[in-house]
Structures are given as structure tokens and as C-alpha cells.
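Student: structure for the following, please:
(one chain, ligands or ions: 2)
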Amino acid sequence: MAETAKDAALAVCSCGKVELEATGEPIMSVVCYCGSCQEGSRQMEALPDGRRTCGPDGGTPYVAYRKDRVAYPMGSELLRDLRLAEESPTRRVVAGCCNSPMFLDFEKGHWLSVYRSALRGAPPPAEMRVQTKSKPTGVELPEDIPSHRGYPLRFVAKLLRARAAMLFGG
Ligand SMILES: [Zn+2]
Ligand SMILES: [Zn+2]
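Tutor: Residues are numbered from 1 along each chain as shown. Ligands and ions are numbered 1, 2, ... in the order given. So this is what the prediction gives:
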């Protein structure tokens, strides 16, 4: 295993050949219930040895990091992109060695959403649920953290703040 900086988070595939390292504070830790994340989860589950990324309530937990702070110490050549549609700007990336879901990349964005399931150690707890208008019917969400039907202002503000920090060297 490669050396990891103290403030770095490490995501590792289940067979250990692929590592992703994110340094610095994450932008945020969220659970997404949108239809695409549920569909993407089904797509990844259908792979050989595949597994789902969404939980039984339909939500996929992510921790978002700045793209400029993400490195691939091991196995980057094994990463494999999956898209829901050929022209989609969103790729869901698995480790091709063992089909572990690693991260979601909205290619027009400045952040990378790492699947919480791939992160080692103690990833930050989820702060909010988003896109809950698409949660599966019958699912009741607890009130431990805020749930939002779409993307709340707080979510957008966090992404903008990270973008500003990147532009101004923060
Ligand atoms: Zn692997
Ligand atoms: Zn989503």
C-alpha cells in the first residue's frame, strides 16, 4: 500500500489493486436518492462480482472532494467508466480488477464524488440527503439529518465555495 499523507482519505477497491487518495477537507458528505444514482447502482450490481452502491432505502452515500486534490497512487490504469447514456457527462467509475464502485465524476464539475463504501478509515458522517423526491415509494427517511427533495442552497453553496477556493488558491 502506498504512503498516505496524514490528512488524506484513501479509497481502495476490494482486491486492493486500485487506490484513490484525496487530501484536505472533503467538500461535503451526502446521500443521493436521484434516479440516475439508483440506475447507476443497478448497472454496477449487474457486473460480474458487482455490488450496489445504494442502500436498501435507495440512497447512495458519497463524500465529495476537490478534483485537484485527488490522486491515484495505484492502479489508475484499471479504472473503468460506466455511463447511463453514451453522451452523458457523468461517469461512474469502477475498479476493473474486481468491479468495486470507486467514484462518480460529473465531468463538467470541479468535484469528485467518492463512493463512501470505497473509503477506508472513518469517512465523515453524511450531512444531508438530497433528491429525495426520487426515493423509492414506501421508503420513510429518518430525521437524523436534513432531507431535501432537490439540491438545497447549502449544497450549491458548498460546491461554489470549493470552486472559489480552487480559483483563488485556497
Ligand atoms: Zn480491485
Ligand atoms: Zn444522484
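Student: what residues does this structure have near ligand 1?
Tutor: Contact residues (C-beta under 5 Å from the ion) of the chain with ligand 1: 13, 15, 17, 95, 97-98. C-beta here means a position set from N, CA and C on the backbone, and glycine is covered the same way.
Student: number of residues surrounding E39?
Tutor: 13 (other C-beta atoms under 10 Å).
Student: can you pull the pLDDT of it?
Tutor: At E39, the pLDDT value in this model is 97.
Student: hmm, back to that, drop anything exposed from the residues of the chain next to ligand 1.
Tutor: 13, 17, 95, 97-98 (16 or more other C-beta atoms under 10 Å).
Student: out of the residues you listed, which one sits closest to P142?
Tutor: Proximity to P142 was ranked across those by C-beta to C-beta; first place goes to C13, at 30.3 Å.
Student: could you give the average pLDDT over stretch 139-157?
Tutor: On average, stretch 139-157 scores 97.
Student: quick check: end-to-end length of that stretch?
Tutor: Stretch 139-157 has an end-to-end distance of 28 Å (C-alpha to C-alpha, to the nearest Å).
Student: end to end, how far does stretch 78-97 reach?
Tutor: 6 Å.
Student: about what we covered before: would you mind giving the buried ones among the residues of the chain next to ligand 1 as CSV with secondary structure added?
Tutor: Output for those, formatted as CSV (DSSP: H, G, I helix; E, B strand; the rest coil):
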residue, secondary structure
C13, coil
K17, coil
A95, strand
C97, coil
C98, coil
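Student: got a markdown table for those residues, with distance to E143 and pLDDT too?
Tutor: Listed next are those as a markdown table, based on distance: C-beta to C-beta, whole Å; pLDDT from 0 to 100:
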| residue | distance to E143 | pLDDT |
| --- | --- | --- |
| C13 | 34 | 98 |
| K17 | 40 | 98 |
| A95 | 35 | 98 |
| C97 | 40 | 98 |
| C98 | 36 | 98 |
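Student: out of these, which comes closest to ligand 2?
Tutor: Nearest to ligand 2 among those is A95, at 20.4 Å by C-beta to the ion.
Student: could you list the low-pLDDT ranges of this structure?
Tutor: Per-residue confidence for the chain (pLDDT under 70) gives these ranges: 1-6, 170.
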